[in-house]
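J.: no FASTA, just this:
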């Protein structure tokens, strides 16, 4: 993973790398890639000077000036009035501009859609929620709803003078590397070619549409904007299914087929609740939000609030659970303790396999974290002590997400910015 | 993870990268890094010409010639008599030389040490096993044994005219990033500063000593020299403990604290065998080699073959198990089927969390794979179908290691070669 960038050296070498091999695609457009390099540097280090960029990237000063001029022309970067005090001339400092641009992320939940747009710096431009009864609908109808919401958001951004750089969709299911959805049980989707279908439904917009796993994008959001600045992180969340998004050494861990992190049927309790899959004690059956709600509110739910016996709209149910827990209702506290223990075990499995520094309880779990965390931490700690003797691994912390239910949509917008950084700057219109 | 290497372009840019930031260490010695780049290229692509190297690395031809001259002088690379037919002059082809060098790996098992030395191309120079009764001994005595074996190997290599490039030790336990062993229960080690202690015991040899987790190095060996050329792979092995080594996108996954892959106490069967940890149905208790042997041979073992009730020398016991399975003994076949099912579940957990293309059953499991694999595959497949509906993820294959018990020592030697590749070529004496 090491990477080295060389400046002029005694042997006159100025290109070095620790990874080689024929990668012709990389040679396609050096300037485009360098524009992305400079943009990414400014994003991470603003305010900074042209000299800083040259020193850190190994690009020579004339080249940096030319690249910065182009980024300024495109309104991706702007000069601030500030000047650094240096030996010699004061340098003009650069910051991100990006006033004319926006990144859009849409997260699909079983019961609602969330759209969030940000500017280049990740500042939120809009954040809407909209009911979405996916299980009633065929994929075609669902896709029309998603396209309509995306259209509304991009129109709004357009009338505010912003160009949309891209749209990423967060889907709770198995997404293959092309963005096609192989299987999304909560949505009842099988082999839905979402990028192509959305392209058509949105009448081939000028920006790129990408699709990524819901849990992965939540983990990406936690990594970028969460409270814990660590390179190794796992994010556990669950509406219907329970998925983990994993960041390993700063990178999203997708696995060989892009399907990493699916934990719904992890065995957490040999004598635990029966699962829809036919087994007993699966994580989803013990600590899934719908399963816990069903056990606690068997008669409270009106018939039309259920689909296949699962509560359709989880948000009000979760709020109700939190209210009952606050009032100290013993059955609720017991249920959440049992769920917390199961989540603690799942966190231990994540800690054992990928060893993150932090496991984040997100999604609906964030709202219930006050009651889930103590049992989860106790289980994680006791498992770690069992496995590691003196608890060598005990520094794996369990925390609640501060992004909550919005994490996947935030991560989806962040994913758009990554794509821009990674060499697609040339697709932008000049501002 | 993308990486781009630029040649001269229209804007006169010749350094590009997709990852930037102040990384002053990388600027320390451009030539050293470039030597490593060329060496790695030759290692991966030999026989190859100087022109091939220039075309693929982006280094200019004069620079490549100068670097190759230095590598030839150091006897890391040599010219073959062969010449490629091209338009224009025929080119002299280069291959690895490395005749004067060796990489040494030592794997520590609870019952024996393995030392394997290879040349730069990974060809085996020596392979010795030696009994090692770790649990009788204090760490000091164990370290003296390891140092003695290392000394014998390096002396033998020295008298064959080879310089040792480095020594890597594979330890079945939690190894932190400095190489100190935090906890190795099979060896009864706590906080053993192995690199420093070995340095002293070996009287500060001229080469570097590194320490890495046993399971990680087995996975590295499978990735480099195993039968499956995939970028995402997990290796499951178990003497006493059961550990997974994970390669994700071609890189060893170490986790935030370097402790990824510890699966001994994974819950595999709620009504399974009692574990030493006090719980029931842990992977180690159901499918651990010592646990299976104890259940099948409760009276056969002489008292002095047991330490804390565990068989001390596993190899003959595993061979005996295989013999009894071959003769169709029902109790043995049942036990191995139960163990296989548990290993299949553990493989499914790995598939769910990190989604490798291949899970390799290694170590002692390789010798028993004929009986373990059918049940393991059935469990993995049924779990995958449960979780993925149509088995979208079913391409995760379960296979037996072809490297068997030697994998960790082979991986340890491979790790030395990686270090050489990564920019430490300048520490080599000229040949």
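T.: Okay, I see it. Note that the coordinates shown come from a computational prediction; the quantities given were computed from them, not determined experimentally.

J.: Got the domain ranges for chain A?
T.: A:24-96, A:101-218+A:409-427, A:227-402 (automatic domain parsing).

J.: Now do the first one: distance to the chain's middle.
T.: To tie it back to what came earlier, the one meant is domain A:24-96. Counting by C-alpha atoms, centre = their mean, to the nearest Å, domain A:24-96 is centred 27 Å from the centre of its parent chain.

J.: can you count the residues close to residue A:419?
T.: 18 (other C-beta atoms under 10 Å in any protein chain shown). Where C-beta positions appear, they are placed from N, C-alpha and C, glycine not excepted.

J.: I'd guess it is in a strand, am I close?
T.: No: counting by DSSP: H, G, I helix; E, B strand; the rest coil, residue A:419 falls outside a strand, being helix.

J.: State the distance from residue A:124 to residue B:132.
T.: As judged by C-beta to C-beta, to the nearest Å, residue A:124 and residue B:132 stand 60 Å apart.

J.: Neighbour count for those two, which is higher?
T.: Legend: neighbour count by other C-beta under 10 Å for residue A:124 and residue B:132, higher for residue B:132 (21 against 13).

J.: any idea how far chain A is from that one?
T.: 21 Å (C-beta to the nearest C-beta, to the nearest Å).

J.: What strand or helix carries the residue nearest to that residue when sequence neighbours are not counted?
T.: Excluding the flanking residues, the one nearest residue B:132 by C-beta to C-beta, 6 or more residues apart in numbering or on different chains is residue B:113, at 4.5 Å. In this assignment (DSSP states H and E), residue B:113 forms part of strand B:112-118.

J.: close to chain B, is the helix or strand containing residue A:65?
T.: Element membership of residue A:65 [criterion: DSSP H and E] is helix A:61-73. Yes: Helix A:61-73 is in contact with chain B by C-beta under 8 Å from any C-beta of the partner chain, via A:62-63, A:66.

J.: most surrounded residue in the residues you listed?
T.: Counting neighbours by other C-beta under 10 Å, residue A:63 leads the residues of helix A:61-73 next to chain B with 22 neighbours.

J.: Surely it and residue A:35 touch.
T.: No: applying C-beta atoms under 8 Å as the test, residue A:63 and residue A:35 come out as separate, 10.8 Å apart.

J.: Contact partners for the closest residue to chain B within the stretch 101-250 of chain A?
T.: When scored by C-beta to the nearest C-beta, the stretch 101-250 of chain A has residue A:232 as its residue closest to chain B, at 3.4 Å. Going by C-beta atoms under 8 Å, 6 or more residues apart in numbering or on different chains, residue A:232 touches A:247-249, A:354-358, B:255-256.

J.: For it, which phi and psi angles does the backbone take?
T.: Residue A:232 adopts backbone torsions of phi -130, psi 120, taken as degrees, to the nearest 10.

J.: do residue A:263 as well
T.: When quoted as degrees, to the nearest 10, the phi and psi of residue A:263 stand at phi -120, psi 10.

J.: and if you look at residue A:247?
T.: Torsion angles, degrees, to the nearest 10, at residue A:247: phi -110, psi 120.

J.: Just give me the neighbour total for the nearest residue to residue A:380 once chain neighbours are set aside.
T.: Nearest residue to residue A:380 in three dimensions, chain neighbours excluded: residue A:344, at 4.5 Å (C-beta to C-beta, 6+ apart). Neighbour count of residue A:344, defined by other C-beta under 10 Å: 27.

J.: and residue A:344, that's in a strand?
T.: No: using three-state DSSP, the assignment for residue A:344 is helix, not a strand.

J.: Give me the average confidence score over the one helix or strand residue A:320 maps to.
T.: Element membership for residue A:320 (DSSP H and E) is helix A:314-326. Averaged across helix A:314-326, the pLDDT comes to 91.

J.: same for it, what does it pack against?
T.: Applying 3 or more C-beta pairs under 8 Å, 6 or more residues apart in numbering or on different chains; DSSP states H and E, one finds that helix A:314-326 contacts helix A:289-296, helix A:330-353, helix A:364-367.

J.: Could you rerun that using 10 Å?
T.: Contact partners of helix A:314-326 among helices and strands, from 3 or more C-beta pairs under 10 Å, 6 or more residues apart in numbering or on different chains; DSSP states H and E: helix A:289-296, helix A:330-353, helix A:364-367, helix A:369-388.

J.: Alright, I will stop here.
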